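Student: 3D model of this:
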Amino acid sequence: MDSNIFDLIEKANKTTLNKHGNLITLERAIFLSWWCDKGDCAFCYMSTQKNKIKDPSKARRNTHNIFAEAEMCKRLDWNIEFLSGGYESFTTQEIKQIATTIKDITGDGVWLNTGITDELSEYGDEITGITGAVEVANPKIHEKVCPSKKLEDISNMLDVAHNLGFKKAITIILGLGETLSDIDYIIDYIKDHKIDRVIFYSLNPHKETIYANSSQPASLYYAQVVAQVRLAFPDIEIICGTWIDNLANIGILILSGANGITKFPLFKMFGTKYGKRVEEEVKWAGRELKGTFTDKEKLGPQHSEVSPDLDKFIKRYVKESLKNKY
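Tutor: This next block holds a predicted model:
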């Protein structure tokens with residue numbers, strides 16, 4: 001461990017407060033489908049499902065359910081991190097339509113993380129930005145771990161997105177075999193492709209994958225990666241994902257440069273000791289939280305304020321959030 005890691009974190013914290021203020025967002029990825037035509041990323045839950053799904057169309061989520069989730073995010077003041085779906089699960093036109101409806105519900109354009117596409121010009125102002133799933137902080141490991149998601153294709157898509165006026169994001173999972181020296185690669189990638197937002201996740205070792213018995217990355221390792229990226233790019237937006245069994249990471253990741261936190265089961269954790277813990281972590285990092293994990297008033301009525309088509313899904317989300325699950 002770098003003996004100056006705490007100095008690094010202190011500098012990163014000052015830089016974040018100077019450039020971004022003290023607001024921390026709660027981010028929620030909205031999934032469109034559990035099917036992925038590629039289905040061969042070594043760490044991914046979808047890779048364990050591909051052979052089990054006989055009819056990919058049945059793995060698509062009901063769009064009313066997707067819109068109800070967006071309405072709940074709006075009520076709770078959660079940001080939609082992006083729309084996420086496996087390859088070939090929805091057509092470009094369908095994704096455009098879903099994004100347009102979500103923008104109507106929330107008032108904000110949507111980020112996409114729906115795979116490599118050469119059809120970006122089909123999208124308009126319903127889309128804020130495009131996410132490239134770079135996933136690994138080392139290009140050699142990327143080839144092994146994500147054989148069907150070629151880095152060159154991801155990079156080309158991000159460059160096209162830039163030319164079309166979209167913002168650009170990348171996702172990086174830590175704990176896949178990269179080392180601290182690979183931070184230089186991330187920094188170069190951000191610079192080369194004018195990235196506006198980086199989303200870090202810690203490995204979640206899924207059963208049936210080669211990482212099933214791997215450990216999640218150490219909190220101070222994760223923090224050092226984030227701090228170095230923050231100091232290299234003071235203006236960039238950094239979102240950090242951590243799992244329900246690793247909530248203690250939140251405070252240190254915020255101090256290292258995170259603007260938002262993600263990767264939580266929102267409705268399961270809402271109002272529970274885990275939801276309270278998220279809010280406490282943010283508070284003790286000296287930040288203000290946008291959105292709530294505990295305010296039951298904000299859940300609102302058990303029917304949609306957007307369309308009666310969403311009523312049964314809204315009711316389910318509100319009820320799920322009010323249950324004491326733990």
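
Student: and stretch 64-72, what's its mean pLDDT?
Tutor: For stretch 64-72, mean pLDDT rounds to 97.

Student: brain fart, stretch 300-312
Tutor: Stretch 300-312 carries an average pLDDT of 98.

Student: what's the distance between that stretch and the middle of its chain?
Tutor: Distance of stretch 300-312 from its chain centroid, counting by Cα atoms, centre = their mean, to the nearest Å, is 26 Å.

Student: Could you work out the end-to-end span of that stretch for me?
Tutor: Stretch 300-312 has an end-to-end distance of 14 Å (Cα to Cα, to the nearest Å).

Student: which of the residues in it are buried?
Tutor: Under the neighbour-count criterion of 16 or more other Cβ atoms under 10 Å, stretch 300-312 has 300, 304, 306, 310-311 buried. Every residue, glycine included, has its C-beta placed from N, CA and C.

Student: Low-confidence ranges, the chain, go.
Tutor: Residue ranges of the chain with pLDDT under 70: 1-3, 35-40, 45-58, 86-88, 326.

Student: Could you rerun that using 80?
Tutor: 1-3, 34-59, 85-89, 206, 208-209, 324-326 (pLDDT under 80).

Student: What are the boundaries of the strands in the stretch 201-326 of the chain?
Tutor: Under the criterion DSSP state E, counting those that start in this stretch, strands of the stretch 201-326 of the chain are mapped to 237-241, 260-262, 288-290.

Student: Compare those strands and give me the one nearest residue 151.
Tutor: strand 237-241 (21.0 Å; Cβ to Cβ).

Student: Please name every helix or strand in contact with the closest one.
Tutor: strand 197-202, helix 219-232, helix 249-256, strand 260-262 (3 or more Cβ pairs under 8 Å, 6 or more residues apart in numbering; DSSP states H and E).

Student: For the second one, give me every contacting residue.
Tutor: Judged by Cβ atoms under 8 Å, 6 or more residues apart in numbering, the contacts made with helix 219-232 from elsewhere in the structure are 1-2, 5, 8-9, 11-12, 15-16, 137, 174, 180, 183, 186-187, 190, 198, 200, 202, 236, 238, 240, 246, 248-249, 252-253, 255-258.

Student: Residue 143 sits in which helix or strand?
Tutor: For residue 143, the element it lies in under DSSP states H and E is helix 139-145.

Student: Ok, residue 188 next?
Tutor: Using DSSP H and E, residue 188 sits within helix 183-192.

Student: Could you do residue 128 as well?
Tutor: Applying DSSP H and E as the criterion places residue 128 in strand 127-135.

Student: quick one: strands adjacent to that strand?
Tutor: strand 110-113 (parallel), strand 167-174 (parallel) (DSSP bridges).

Student: Identify each buried residue in the last one, please.
Tutor: Of the residues in strand 167-174, those buried by neighbour count under the rule 16+ other Cβ under 10 Å are 167-174.

Student: Any idea which of the strands of the stretch 201-326 of the chain gets closest to residue 90?
Tutor: For residue 90, the closest of those is strand 260-262, at 21.8 Å, according to Cβ to Cβ.

Student: Run through who's touching that closest one.
Tutor: Under the contact criterion Cβ under 8 Å, 6+ apart, strand 260-262 has outside partners 24-29, 79, 81, 199, 201, 237-242, 250, 253-254, 278, 282.

Student: okay if I get the strands of the stretch 201-326 of the chain as JSON lines plus distance to residue 271 and mean neighbour count?
Tutor: As requested, those are exported to JSON lines (distance: least, Cβ to Cβ, whole Å; neighbours: other Cβ atoms under 10 Å):
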{"stretch": "strand 237-241", "distance to residue 271": "21", "mean neighbour count": "23"}
{"stretch": "strand 260-262", "distance to residue 271": "18", "mean neighbour count": "22"}
{"stretch": "strand 288-290", "distance to residue 271": "15", "mean neighbour count": "14"}
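
Student: Tell me which of the ones you listed sits nearest to residue 97.
Tutor: The closest of these to residue 97 is strand 260-262. By Cβ to Cβ, the value is 24.8 Å.

Student: Dihedrals phi and psi, residue 123?
Tutor: Main-chain torsions, residue 123, degrees, to the nearest 10: phi -90, psi 150.

Student: now it, nearest residue through space, not along the chain?
Tutor: residue 96 (5.9 Å; Cβ to Cβ, 6 or more residues apart in numbering).

Student: quick one, what contacts the residue lying closest to residue 309 once chain neighbours are set aside?
Tutor: Once flanking residues are discounted, residue 309 sits nearest to residue 64: 5.1 Å by Cβ to Cβ, 6+ apart. Taking Cβ under 8 Å, 6+ apart, we find residue 64 in contact with 309-310, 313.

Student: Same check on residue 103?
Tutor: Per Cβ under 8 Å, 6+ apart, neighbours of residue 103: 109-110, 125-126.
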